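S.K.: here is my input, please return the structure:
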Amino acid sequence: METSPELRENASVDTRYTQNRELSWLRFNRRVLCEAETPTTPLLERLRFLSIVCSNLDEFFMIRVGTLHDMAGAQEPIIDNKSGMTPQQQLKAIMQTCVDLYADMDHTYVTLMNELYGADVVELEVNDLTAAEQSEVRKLFRNLIFPVLSPQIIDWSHPFPHLINLATHTVFRLRRIERDPYSDNEAPRFWGQEPSVQTDSIGIISIPDILPTIISLTPDCRRFIRTEKLVLAYAAEIFLHYKIEESLVIRVTRNGDVSPDDDDYIEGDDDFRDLMKRILDKRKRLAAVRLEVDRTPSPYLGSFLTARLQLSADRVFVTRSLMRPALADAIIDKVSDAMRVEHSFPPFTPQEATAVDTDRSIMEQLRERDLILSYPYESMDPFIRLLREAVNDPDVLSIKITIYRLAAVSKVAEQLAAAAEQGKEVVVLLELRARFDEKNNIDWSSRLESAGCRVIYGMDGYKVHSKICLITRMSDGQIETFTQIGTGNYNEKTARQYTDFSFMTSRQDIGRDGVAFFNNMLIGNLEGQYERLLVAPLSLQEGLGRLIRREIERAERGEPALIRLKLNSISDRRMLDLLQEASAAGVKIDLMVRGICCILPGIEDLTENIRIQSIVGRFLEHHRVYCFGAGEDSDIYISSADWMTRNIRRRVEIACPIDDPEIRKFLLEFMAVCFADNIKGRRMLPDGSLTELTPEEVDREQLPPAAFVVAQGELPAQQWFMRTAIAEAEAKAKELKAERADELDRRAAARLAHTRRRIGAVVPEDAPAVDPTPVPTLSPAAPKTETGFWRRFRKAFERWFGGAGE
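M.R.: Alright, predicted model coming up:
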């Protein structure tokens, strides 16, 4: 395994103001669990949050624990440069933290199940079923479940099977009942004597994914039972001639940290798609890193499982919680519509962006001004419209785009394919190594290539995580460009769930950088020079360092100095040290970090000027915004990059400067509202723990007056953004409706004046001239009903001619 550059750095660093990355992440996941425990969060949404905690933990063990598992076996010691801990020490601390986390998850699960019971939704055991229900589920088991099961018995002639990663398995300790070979009955035994037995065997029945997660005994899931509980209950009908001494439900998590850049997986002139398919297959067979069980196993069975899986006892977690995260969705999908509405967040639909004119070409509008979309509060449709315009515009020469994650059904991909089919040059830099989206991206790469797109699979050794789309067009013999740069993926599904910005511009300096970027990517050049964009792995870290040092110099001169960042994670050691240096110099630093945060705030003489907050709410906070400086001369960027080593030095990322005054003002106010949130917002303490904010702690500088309700603790930021988007969209719709009504009235008056002139009637001096634009008329096939236009025409006619006749 190749060690990352950050881990190879000298470990003799100052760890007084930094914390371990893995423990910081576990604190973040504990914060998500708080949402599952919050009574004001709707019940079914709390169940979803618990499911998110479980699935987050799955990925954490697969990737982060998997990585530490590999590092622990390295010949040379690898010391974490933020905590001074060895891999073994980190693993020990993780397991100790997870014991408490599992206990909290179980407590939350029991609480939620009790509240569901209060809402008349009950999880049952087989023994809880009525006689009629037991008869029904037995029939269901025999007819639908039993035929797809593949039971196995582990003994000297049957080796331990491979247990699929994150699949659910039932495990049994069995004792064979000796029988008389000449009789169908058990061998005779004295009263009270157990049948003669052989050595215990182990039985395993895996639960196939094709089976439902739960069996609902009523149409609206008021009474349900987990599928694995039925397998446990009727296992005796499968393991004939065996007595079941013990049974468990288990789930194994395997190391998922497989890199396609490892030499072990590269074979000659492999097609990269074939390589990624082998990687996915390899991931399923890697070493186990965690075992979850639904109850404490006996010493015999526990020792058997840990020995066969080669796990230490501290990697075994007993849990009553959502061992299968899909359980939450299964319950939510099956409850009644009325209950789902009552116990979920109110529905929200992304609104039309009020800055975008729906009646005009997007390209035409971009020639006049830059545009920014704020997901999920605003719809992704304007960007889709831009692509559609490019597809249908004969003067468009090419569309080039980087893609990290796509939706399974993607309008973006449809437009790219349509453009290629029309003969335009379409270049798609599709990152096949997007973790856990590899298969979807492999499928899309084949489909896009079939449509005629040129698909590039990324850079050797560097994932392409940037979000950029470049459209080139010939206009009056000159090339013009339209560039879109975002903080999030081109994924219509996550655009409704994640908070992101999508910036669109026709600025030619940005367009020139876009052209240079794609040319560099196509020839594998990571050292390209750019006029405005900061591009990792080279100019981004240089540019950020330069901007931080500029603020340090301002502070040293006694000038106002400010750094305000919104990130998902920050862990890069060099960036941490630069921020600490800036804080010590007197620069005010505000960080909004949702997840991993390895710098600690408020430490005397080190990070006293650093304030760190986070938001966990209905939507996943996903923006990356960098603000350097106070006032009008500040530099503002949006970016795809977090401040982690992998983003800054091991990926291709882009940070785009924002020059438009209106968009700059919008971004600064947006950030101010986020920092003002004292309902879903939390503040980090010097020890790394999180505490609730109070309205008195809120910095109201740059906060728009309408958002004071956020600062006063009346609304969380996300809810305020939703309400604002709805209010602005409704106001715009009302304004457009009024404008159209006025236009219709004006046209009606003009027609009447024209008619009066023709018949010699008196015409008012201020009567409008006839608009040459055709007036809407009724189609001959349309019903003969009076439309709004004709109703206004008739009323105006009566009013005008009535006045002339007096």
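S.K.: quick one: strands adjacent to the lengthiest strand in the chain?
M.R.: Longest strand of the chain, by residue count under DSSP state E: strand 242-254. Using DSSP bridges, strand 242-254 pairs in its sheet with strand 168-176 (antiparallel), strand 288-293 (antiparallel).
S.K.: checking L526 next. Helix, strand or coil?
M.R.: coil (DSSP: H, G, I helix; E, B strand; the rest coil).
S.K.: which ones are touching it?
M.R.: With contacts defined as C-beta atoms under 8 Å, 6 or more residues apart in numbering, L526 is in contact with 459, 462, 520, 537-538, 652. C-beta coordinates here come from the backbone N, C-alpha and C atoms, glycine included.
S.K.: how about a markdown table for those residues, with secondary structure added?
M.R.: A markdown table is the format used below for the contacts of L526 (three-state DSSP):
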| residue | secondary structure |
| --- | --- |
| M459 | strand |
| Y462 | strand |
| N520 | helix |
| P537 | coil |
| L538 | coil |
| V652 | strand |
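S.K.: out of the residues you listed, which comes closest to G545?
M.R.: Of all those, G545 sits closest to L538, with 11.7 Å by C-beta to C-beta.
S.K.: tally of neighbours for the closest residue in space to that closest one that isn't next to it in sequence?
M.R.: Leaving out its chain neighbours, the residue that sits closest to L538 by C-beta to C-beta, 6 or more residues apart in numbering is E527, at 5.7 Å. Other residues near E527 number 9, with proximity taken as other C-beta atoms under 10 Å.
S.K.: phi, psi of I153?
M.R.: phi -120, psi 130 (degrees, to the nearest 10).
S.K.: could the contacts of L526 go into a markdown table alongside pLDDT, neighbour count and distance to L397?
M.R.: Formatted as a markdown table, those follow (pLDDT from 0 to 100; neighbours: other C-beta atoms under 10 Å; distance: C-beta to C-beta, whole Å):
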| residue | pLDDT | neighbour count | distance to L397 |
| --- | --- | --- | --- |
| M459 | 82 | 18 | 25 |
| Y462 | 90 | 20 | 28 |
| N520 | 96 | 18 | 19 |
| P537 | 94 | 19 | 30 |
| L538 | 92 | 17 | 29 |
| V652 | 95 | 27 | 24 |
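S.K.: next structured bit after the strand or helix carrying N29?
M.R.: Assigned by DSSP states H and E, N29 belongs to helix 21-37. For helix 21-37, the following helix or strand on the C-terminal side (DSSP H and E) is helix 43-60.
S.K.: so for that next one, what gets flagged as buried?
M.R.: 43-58, 60 (16 or more other C-beta atoms under 10 Å).
S.K.: quick revisit: quick check: mean pLDDT across the longest strand of the chain?
M.R.: Taken as a whole, strand 242-254 has an average pLDDT of 96.
S.K.: just stretch 680-692 next, same as before
M.R.: 96.
S.K.: list the buried residues for it?
M.R.: 680-684, 686, 688, 690.
S.K.: repeat for stretch 594-605
M.R.: Neighbour counts over stretch 594-605 (16+ other C-beta under 10 Å) mark 594-603 as buried.
S.K.: got JSON lines for those residues, with pLDDT too?
M.R.: Shown next, in JSON lines, are the buried residues of stretch 594-605 (pLDDT from 0 to 100):
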{"residue": "R594", "pLDDT": "97"}
{"residue": "G595", "pLDDT": "96"}
{"residue": "I596", "pLDDT": "97"}
{"residue": "C597", "pLDDT": "98"}
{"residue": "C598", "pLDDT": "98"}
{"residue": "I599", "pLDDT": "98"}
{"residue": "L600", "pLDDT": "98"}
{"residue": "P601", "pLDDT": "98"}
{"residue": "G602", "pLDDT": "97"}
{"residue": "I603", "pLDDT": "97"}
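S.K.: so of these, which ones are in helices?
M.R.: Of those, none are assigned to helices by DSSP state H.
S.K.: now do the strands in the stretch 51-200 of the chain.
M.R.: According to DSSP state E, counting those that start in this stretch, the stretch 51-200 of the chain carries its strands in the segments 122-123, 152-154, 168-176.
S.K.: domains in this protein, by residue range?
M.R.: Listed by automatic domain parsing, the domain ranges of the chain are 5-186+193-342, 362-523, 534-715, 727-804.
S.K.: please enumerate the helices of the stretch 551-700 of the chain.
M.R.: Along the stretch 551-700 of the chain, counting by DSSP state H, counting those that start in this stretch, helices occupy 573-585, 645-649, 661-676.
S.K.: make TSV out of those helices and add mean pLDDT and mean neighbour count.
M.R.: Below are the helices of the stretch 551-700 of the chain laid out as TSV (pLDDT from 0 to 100; neighbours: other C-beta atoms under 10 Å):
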stretch	mean pLDDT	mean neighbour count
helix 573-585	98	20
helix 645-649	93	22
helix 661-676	96	20
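S.K.: among those helices, which is nearest I164?
M.R.: helix 645-649 (28.2 Å).
S.K.: give the contact list for the residue nearest to E621 when sequence neighbours are not counted.
M.R.: Nearest non-adjacent residue to E621, counting by C-beta to C-beta, 6+ apart: R594, 4.5 Å away. If you count contacts by C-beta under 8 Å, 6+ apart, R594 has them with 28, 567-569, 614-616, 620-622.
S.K.: next one: S583
M.R.: Taking C-beta under 8 Å, 6+ apart, we find S583 in contact with 589, 606-610.
S.K.: so of those, which ones are in strands?
M.R.: In strands, judged by DSSP E, the following of these are found: 589, 610.
S.K.: got TSV for the contacts of S583, with distance to S135 and pLDDT too?
M.R.: Below are the contacts of S583 laid out as TSV (distance: C-beta to C-beta, whole Å; pLDDT from 0 to 100):
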residue	distance to S135	pLDDT
I589	67	98
L606	69	97
T607	66	98
E608	70	97
N609	70	98
I610	65	98
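S.K.: filter the contacts of S583 down to the buried ones, PyMOL style.
M.R.: The buried residues among these can be selected in PyMOL (16+ other C-beta under 10 Å) with this line:
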select buried, resi 589+606+607+609+610
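S.K.: quick one, what contacts E136?
M.R.: L217 are the contacts of E136 under C-beta under 8 Å, 6+ apart.
S.K.: is it correct that L387 is in contact with A413?
M.R.: No - counting by C-beta atoms under 8 Å, L387 does not reach A413; the two are 10.0 Å apart.
S.K.: roughly how far apart are the closest residue to V412 other than its chain neighbours and N127?
M.R.: Counting by C-beta to C-beta, 6+ apart, the nearest residue to V412 once its immediate chain neighbours are dropped is Y490, at 4.6 Å. Separation of Y490 from N127 (C-beta to C-beta, to the nearest Å): 51 Å.
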